[in-house]
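Engineer: what would the 3D arrangement of this be:
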Amino acid sequence: MIRSSVIFQVACLLAITWLNAGKTSAQINQLASLSPDDRIIWLCNSNWDKDTTTQVQIDSIRQLARQLNDERLYWYTTVQKIAIRATAQRIAKKTVTAYANADALMETSPVESVRGGYYFMQGQFYLYEEKNFTKAFRLLFRVRNIFEKVGYANLPDAVIYLSRLGEDYYWFEDYRNAIHYLELAAKYPCDRIRQHASQ
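Structural biologist: Numbers count the residues shown, from 1 in each chain. So this is what the prediction gives:
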């Protein structure tokens, strides 16, 4: 009786895993039917865990991006992989080397807006996790320059960057710049970005 119960539990676990894998695969394949901007929005709205399943999902999206010749999607998922690696290192209480190790790689990205997103994530890390304000603001000024050159209207996830920059300035009691960035953020739609508040 116990043995059949264990076999049943294992079978159920395998079935659930298989169904979830199929669901995830179908979601990733659905990306091909979306516009390039909507693919980025889809990624922003995805929950990325810090496990190997997520790494496999991201690798699948990167393969799809190559098939679609979508450089922005490919490099955006590269940034996600780096961020997940950095978070895993931080959770394991290890020295976070993911960003420093990825700098040279990200410099090769032909997509300037994605390089800006990478420096943004790295700047947020140094600002809030490492409390290295000099390095953080050097990176965030670089981000601002990149995004102003690219144009916020050309960033489907501009509201995330602008509102976070507003929050950063607010945190440092620079209310003039906080208001500036939050007003800019208000010009861009956030109704399609579900995860923004929790990131």
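
Engineer: show the backbone phi and psi for residue 156.
Structural biologist: When read as degrees, to the nearest 10, the backbone of residue 156 gives phi -60, psi -20.

Engineer: list phi and psi for residue 93.
Structural biologist: phi 60, psi 40.

Engineer: would you mind measuring from it to residue 102?
Structural biologist: 20 Å (Cβ to Cβ, to the nearest Å). In short, each C-beta sits where N, CA and C put it, glycine included.

Engineer: and the pLDDT for the residue most central in space within the chain?
Structural biologist: Centroid check for the chain by Cα atoms, centre = their mean gives residue 80 as the closest residue, at 4.4 Å. pLDDT recorded at residue 80 is 87.

Engineer: same check on residue 85?
Structural biologist: For residue 85, the pLDDT comes out at 86.

Engineer: and the closest residue to it other than its chain neighbours, what pLDDT?
Structural biologist: Nearest in space to residue 85, with sequence neighbours left out and distances taken as Cβ to Cβ, 6 or more residues apart in numbering, is residue 98 at 4.0 Å. Residue 98 carries a pLDDT value of 90.

Engineer: show me the contacts for residue 98.
Structural biologist: 82, 83, 85, 86, 89 (Cβ atoms under 8 Å, 6 or more residues apart in numbering).

Engineer: ok, now residue 144?
Structural biologist: residue 165.

Engineer: again, only this time at 7 Å
Structural biologist: Going by Cβ atoms under 7 Å, 6 or more residues apart in numbering, residue 144 touches no other residue.

Engineer: right, and the helix or strand after the strand or helix carrying residue 163?
Structural biologist: Using DSSP states H and E, residue 163 maps to helix 158-171. The C-terminal neighbour of helix 158-171 among helices and strands, as given by DSSP H and E, is helix 175-186.

Engineer: residue 168 versus the nearest residue to residue 184 once chain neighbours are set aside, what's the distance?
Structural biologist: Nearest residue to residue 184 in three dimensions, chain neighbours excluded: residue 162, at 4.8 Å (Cβ to Cβ, 6+ apart). For residue 162, the distance to residue 168 equals 11 Å [Cβ to Cβ].

Engineer: ok, now residue 43?
Structural biologist: Distance, residue 43 to residue 168, by Cβ to Cβ: 22 Å.

Engineer: what's the answer for residue 134, then?
Structural biologist: From residue 134 over to residue 168 (counting by Cβ to Cβ), the distance is 14 Å.

Engineer: and those two? Which one has more around it.
Structural biologist: residue 168 (20 against 8; other Cβ atoms under 10 Å).

Engineer: would you confirm that the more buried one contacts residue 127?
Structural biologist: Yes: if you go by Cβ atoms under 7 Å, residue 168 and residue 127 touch, sitting 6.4 Å apart.

Engineer: can you dump the C-alpha coordinates of stretch 150-166 into CSV?
Structural biologist: Output in CSV follows, covering the C-alpha atoms of stretch 150-166 (Å, rounded to 0.1, in the frame of the first residue of the first chain):
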residue,chain,number,x,y,z
VAL,A,150,18.1,56.2,-27.9
GLY,A,151,15.0,58.1,-26.9
TYR,A,152,12.6,57.0,-24.1
ALA,A,153,9.9,56.6,-26.7
ASN,A,154,11.9,53.8,-28.3
LEU,A,155,12.1,51.8,-25.1
PRO,A,156,9.0,49.6,-24.5
ASP,A,157,9.9,49.4,-20.8
ALA,A,158,10.8,53.1,-20.4
VAL,A,159,8.3,53.4,-17.5
ILE,A,160,10.4,51.0,-15.4
TYR,A,161,13.6,52.8,-15.9
LEU,A,162,12.2,56.3,-15.5
SER,A,163,10.2,55.5,-12.4
ARG,A,164,13.1,53.7,-10.8
LEU,A,165,15.4,56.7,-11.5
GLY,A,166,12.8,58.9,-9.9
